[in-house]
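S.K.: Any chance you could fold what I've pasted below:
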Amino acid sequence: CQACEDDAPEQCAQCHSVDTQGDYTWAEIDGELQLLCWDCTDRIHKAELAKDARAASILNVDYIH
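M.R.: Reported below is the predicted structural model:
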């Protein structure tokens, strides 16, 4: 029921850890909003940055040749 859901702690959609302090954040993953802990949010963000850096590196190399 809604009352039970309101009292239940949130759970990270990636690692399934339970939020006990309200420190989770919403993130869009595959076009869907999911609640994530900060560790998973940071890990995903860093992976995206690395992916973008690799893509930029490939573009730069192709441009030089």
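S.K.: Where does Leu35 sit, in terms of helix or strand?
M.R.: strand 32-36 (DSSP states H and E).
S.K.: and the longest helix along the chain, how far out from the chain's middle?
M.R.: Determined from DSSP state H, the single longest helix within the chain is helix 38-64. Counting by CA atoms, centre = their mean, to the nearest Å, helix 38-64 is centred 15 Å from the centre of its parent chain.
S.K.: That one vs strand 32-36, what angle?
M.R.: 130 degrees (axes from the mean of the first three to the mean of the last three CA atoms, to 10 degrees).
S.K.: Can you mark which positions in helix 38-64 are buried?
M.R.: Within helix 38-64, the residues that qualify as buried are Cys40, Thr41, counting by 16 or more other CB atoms under 10 Å. Every residue, glycine included, has its C-beta placed from N, CA and C.
S.K.: counting contacts, what elements does it pack onto?
M.R.: strand 25-29 (3 or more CB pairs under 8 Å, 6 or more residues apart in numbering; DSSP states H and E).
S.K.: rerun that using 6 Å as the cut-off
M.R.: If you count contacts as 3 or more CB pairs under 6 Å, 6 or more residues apart in numbering; DSSP states H and E, helix 38-64 packs onto no helix or strand.
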